[in-house]
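> sequence and predicted structure, then a few things I'm wondering about:
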Amino acid sequence: MAKEIERTGIPVAYVTTLTSLAEEIRANRIVAGVRIPHPVGNPVLGAETERDLRTTMTQRALEVLTEPVEGPSVFRVDHPGVR
Amino acid sequence: MLAVVHYVNQFFGGLGGEERADEPVHVSVGAVGPGRGLEQQWAGVAQVVATIIGGDNFVSSRRAEAEPAIRAALEEYQPDVLVAGPAFNAGRYGLACGSCCRIAAELGIPSVTAMSPENPALAIHGQHLYAVPTGELASSMARALPPLARLAIKLGRGEPLGSAHQEGYLPRGLRRDVWHANIAARRAIDMLTQRLKGEPFASEMPIEQFDSVPPAPPLRTLASARVAVVSTGGIVPRGNPDRLREYNSVAWRRYRIADLPRLEPGEWEPIHGGYDSTYAREDPNRVVPLDALRKLESDGAFAALHDYYYVTVGVGTAVNNARRFGEEIAHELHAADVQGVILTAT
């Protein structure tokens, strides 16, 4: 789906925990998620830290839309909650 | 002796090249061109009783006339098997061969064709065809005829065919259950051992090769961008009102989120059959970050969030369906002037 949307000229930040699979299927803008059942959250964190994590990740995903890429590229999010 | 009807285009039918491509369908008694080569292979076991010759343009562009003529010839000669081609990498010819095989199937007549794996007709007819691979050009005729002749005999006799690999036809993308002497774990260990020893082995699970998509140009600025959120995580309104499937999804849905600050637990729920939904049930924003998007939107990080959120369930979903979802959603996004997408997957 990410590829078909990108094919039409709209950049897609594809947030997934399975980054190697995403590269294999040749998605272009891949953002590493936290875990499969909670790609943009982490239940072990306190509510406030988790909200901060999610905002950081979402902001990173938005920024990835402005990144020029040549092909499949994985972007990681720098936040202590991503572990 | 088996009776064969053979389909060829105007060129292999001896009528001429591109200048005769508008030639209507006609039937010639006995073998013509490559049909003679097939008869040599058959050495008296089978015979071409009639050859259907069709101009490439005529058969591909005037189907309403061409197909009844082909059908009539098959009904008249009642062959044990239809052979079409080889068509090599000729697109119109390949399509005509595919159409002939389809018509034969409708009449209960088995059929086989031959063409290059690159022939575009395979994308259209491939799942329904026994097609022997050939080279790109007619110079590969000599190599194509023996396996084509052999398959024609088997089909004409009504003998069961083995796998594509065993029989030498192109894989049709179909699976059939078979009994195997060894369980999967045993076979996997054997394969691993062979691999470690550097011995040849055949995977039972060929990995699909995926094409590349040229990256969309990056957004110049986020500040003026309309952004949409799409997810394969299966977060839907409580009760799954549109009955999205929990696996092997065949549809996507869009839900209006224009007035929502976040996805409220209880009002939204995961119906995805492929991950532990405990955490998403506690807080659906862990899969679809609507709360964070609203905060960033109000902070001015981007201009606006699209009024709709798009969702499907990405487990056991066929790649061709996923492709279609992407195309259809992209169509909506363009209509709504959306410039960027965040797609979350579980």
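That came in fine, so what should we check first? Numbers count the residues shown, from 1 in each chain, chains lettered A, B, ... in the order given.

> can you give the contact residues for the one helix or strand in chain B whose mean pLDDT sits lowest?
In chain B, no helix or strand scores lower on mean pLDDT, DSSP states H and E than helix B:121-125, which sits at a mean of 88. With contacts defined as Cβ atoms under 8 Å, 6 or more residues apart in numbering or on different chains, helix B:121-125 is touched by B:87, B:91, B:94-95, B:97-99, B:101-102, B:115, B:129, B:131, B:170. Backbone N, C-alpha and C define where each C-beta goes, glycine included.

> do that again at 7 Å, thanks
Contacts with helix B:121-125, where a contact means Cβ atoms under 7 Å, 6 or more residues apart in numbering or on different chains, come from B:91, B:94-95, B:97-98, B:101-102, B:115, B:131, B:170.

> so how do I select the buried members of those in PyMOL?
Selecting only the buried entries of the contacts of helix B:121-125 in PyMOL, with 16 or more other Cβ atoms under 10 Å in any protein chain shown as the criterion:
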select buried, chain B and resi 94+95+97+98+101+102+115+131+170
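
> how many neighbouring residues does residue B:29 have?
By other Cβ atoms under 10 Å in any protein chain shown, 10 other residues sit near residue B:29.

> what about the closest residue in space to it that isn't next to it in sequence, which helix or strand?
Of all residues not flanking residue B:29 in the chain, residue B:50 sits nearest, at 5.7 Å (Cβ to Cβ, 6 or more residues apart in numbering or on different chains). Assigned by DSSP states H and E, residue B:50 belongs to strand B:46-54.

> past that strand, which element shows up next along the chain?
Moving toward the C-terminus from strand B:46-54, the next helix or strand (DSSP H and E) is helix B:56-61.

> so which bits of stretch B:209-226 are buried?
Buried, per 16+ other Cβ under 10 Å, within stretch B:209-226: B:213, B:215-216, B:219, B:222, B:225-226.

> which of those residues fall in strands?
Among the buried residues of stretch B:209-226, the members found in strands (DSSP state E) are residue B:226.

> out of the buried residues of stretch B:209-226, which touch chain A?
Restricting the buried residues of stretch B:209-226 to those touching chain A (Cβ under 7 Å from any Cβ of the partner chain) yields B:213, B:215-216, B:219, B:222.

> any chance of TSV for those residues, columns pLDDT and distance to residue B:342?
Listed next are those as TSV, based on pLDDT from 0 to 100; distance: Cβ to Cβ, whole Å:
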residue	pLDDT	distance to residue B:342
B:213	94	17
B:215	96	16
B:216	97	14
B:219	97	12
B:222	96	12
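
> and those residues as JSON lines, adding distance to residue B:37?
Listed next are those as JSON lines, based on distance: Cβ to Cβ, whole Å:
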{"residue": "B:213", "distance to residue B:37": "43"}
{"residue": "B:215", "distance to residue B:37": "49"}
{"residue": "B:216", "distance to residue B:37": "50"}
{"residue": "B:219", "distance to residue B:37": "59"}
{"residue": "B:222", "distance to residue B:37": "65"}
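
> any idea which residue sits dead centre in chain A?
When Cα atoms, centre = their mean is applied to chain A, the residue found nearest the centroid is residue A:31 (2.4 Å).

> tell me the bridge partners for that residue.
residue A:15, residue A:75 (DSSP bridges).

> that one: what's it in contact with?
A:13-15, A:60-61, A:64, A:75, A:77.

> up against chain B, what does chain A have?
Among all residues of chain A, those adjacent to chain B (criterion: Cβ under 7 Å from any Cβ) are A:1-16, A:24-26, A:28, A:36-41, A:43, A:51, A:54-55, A:58-59, A:61-62, A:65-69, A:71.

> okay, and which of the residues you listed map to helices?
Assigned to helices by DSSP state H, the following of these qualify: A:2-7, A:24, A:51, A:54-55, A:58-59, A:61-62.

> can you tell me how far the residue positioned nearest the centre of chain B is from chain A?
With distances taken as Cα atoms, centre = their mean, the residue of chain B nearest its centroid is residue B:123 (5.8 Å). Counting by Cβ to the nearest Cβ, to the nearest Å, the gap from residue B:123 to chain A is 17 Å.

> ok, now which ones touch the residue of the stretch 151-300 of chain B found nearest chain A?
The nearest approach of the stretch 151-300 of chain B to chain A comes at residue B:286, 2.9 Å away (Cβ to the nearest Cβ). Residue B:286 sits next to A:38, A:40-41, B:279-280 when contact means Cβ under 7 Å, 6+ apart.

> okay, now residue 63: neighbour count?
No chain was given, so I picked chain A. Look at residue A:63: counted by other Cβ under 10 Å, it has 16 neighbours.

> my question was about chain B, not that one.
Counted by other Cβ under 10 Å, the residues lying close to residue B:63 total 14.

> how about low-confidence regions in the stretch 51-200 of chain B?
Regions of the stretch 51-200 of chain B meeting the criterion pLDDT under 70 are absent.

> quick check: residues of it near chain A?
Not one residue of the stretch 51-200 of chain B sits near chain A, judged by Cβ under 7 Å from any Cβ.

> so where do the strands sit in the stretch 51-200 of chain B?
B:81-84, B:111-115, B:131-133 (DSSP state E, counting those that start in this stretch).

> with adjacent residues omitted, what lies nearest to residue B:228?
Nearest residue to residue B:228, sequence neighbours excluded (Cβ to Cβ, 6+ apart): residue B:306, at 3.8 Å.

> mind listing what's buried along the helix or strand of chain A with the lowest mean pLDDT?
Within chain A, no helix or strand scores below helix A:19-24, which has a mean of 92 by mean pLDDT, DSSP H and E. Neighbour-count burial for helix A:19-24 flags A:19, A:22 (criterion: 16+ other Cβ under 10 Å).

> for it, packing partners?
Under the contact definition 3 or more Cβ pairs under 7 Å, 6 or more residues apart in numbering or on different chains; DSSP states H and E, helix A:19-24 sits against strand A:29-32.

> against residue B:20, how distant is the residue of chain A most remote from its centre?
The C-alpha centroid of chain A is most remote from residue A:46, which lies 21.4 Å away (Cα atoms, centre = their mean). Going from residue A:46 to residue B:20 by Cβ to Cβ, to the nearest Å gives 79 Å.

> same thing with residue B:53?
Using Cβ to Cβ, we find residue B:53 at a distance of 10 Å from residue B:20.

> and if you look at residue B:346?
Noted for residue B:346: a distance of 58 Å to residue B:20, by Cβ to Cβ.

> from residue B:59, how far off is residue B:38?
Here residue B:38 is placed at a distance of 20 Å from residue B:59 (Cβ to Cβ).
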